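*Asks:* Fold the following and give me the result.
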Amino acid sequence: MSCENIFKGVCHIHARLFDHRSALQGHINFFAKEFEEKRGDREKTCLDQTQDSALQCRDHTLPTVQSNFSQHFSDIAQDIKKATDACKVLAEKTTEEPVESKFLKTQRDARRHALDQFMEQQCVRSGRIDQQLEENIKLFNASFEELRHQLSQGVPFTSQTYYKFMALGKELS
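*Replies:* Got it, this is the predicted structure:
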């Protein structure tokens, strides 16, 4: 009997905690009532007006536009053809006689001169770097030959020799 009472109590608590149908139903009814009262027939009126304008466009405006288009299309096509021919004539004239302003020519010459100067500076710098690289290679080869000579004579490779060789490498880089 006590188990039965406990089970009923748990079921009752569960229903109160997790069954929200009654509260939700009240909120839904309240929302629907408020919506119907506030909006009234406004939505229906808007839909009717939209339908009327769509029907008017379909029945009156579209046929008028189609007839006007069919009447004036050939005139518009002829005007476009004339404009295209005029554009072609102008394009042919401009390609035959290129007109270059003095300003553009002076600017182009100034840029060409600046580019020539820049390229000369780069060549001089490149030459200096190549010369320095050749000197460093000769110095490094000489040091390397000296180390090879010392090793061939049986001179031990000491830490002092190692540090000297490493200092030379850092100096060259």
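
*Asks:* Determine how far the longest helix seen in the chain lies from the middle of the whole chain.
*Replies:* Determined from DSSP state H, the single longest helix within the chain is helix 102-152. Between the centre of helix 102-152 and the centre of its chain there are 39 Å (C-alpha atoms, centre = their mean, to the nearest Å).

*Asks:* how deep is L139 tucked in, by neighbour count?
*Replies:* Using other C-beta atoms under 10 Å, L139 has 13 other residues around it. For the C-beta atoms, the positions are set from N, CA and C on the backbone; glycine is no exception.

*Asks:* cool, Q121 as well?
*Replies:* 10.

*Asks:* residue contacts, it?
*Replies:* If a contact means C-beta atoms under 8 Å, 6 or more residues apart in numbering, then Q121 has no contacts.

*Asks:* again, but for A110
*Replies:* With C-beta under 8 Å, 6+ apart as the criterion, no residue contacts A110.

*Asks:* now it: how far from N29?
*Replies:* Distance from A110 to N29, counting by C-beta to C-beta, to the nearest Å: 84 Å.

*Asks:* how about low-confidence regions in the chain?
*Replies:* Low-confidence segments of the chain (pLDDT under 70): 1, 39-40, 95-100, 157-166, 168-173.

*Asks:* Give me the distance between the most centrally placed residue in it and C123.
*Replies:* Nearest residue to the geometric centre of the chain (C-alpha atoms, centre = their mean): R111, 32.0 Å. R111 sits 19 Å away from C123, going by C-beta to C-beta.

*Asks:* How about F103?
*Replies:* Remark: distance between F103 and C123 (C-beta to C-beta) = 31 Å.

*Asks:* for K8, same thing?
*Replies:* Distance from K8 to C123, counting by C-beta to C-beta: 102 Å.

*Asks:* How about Q51?
*Replies:* To C123, Q51 is 81 Å away according to C-beta to C-beta.

*Asks:* now A15
*Replies:* For A15, the distance to C123 equals 94 Å [C-beta to C-beta].

*Asks:* swap in T64?
*Replies:* Separation of T64 from C123 (C-beta to C-beta): 76 Å.
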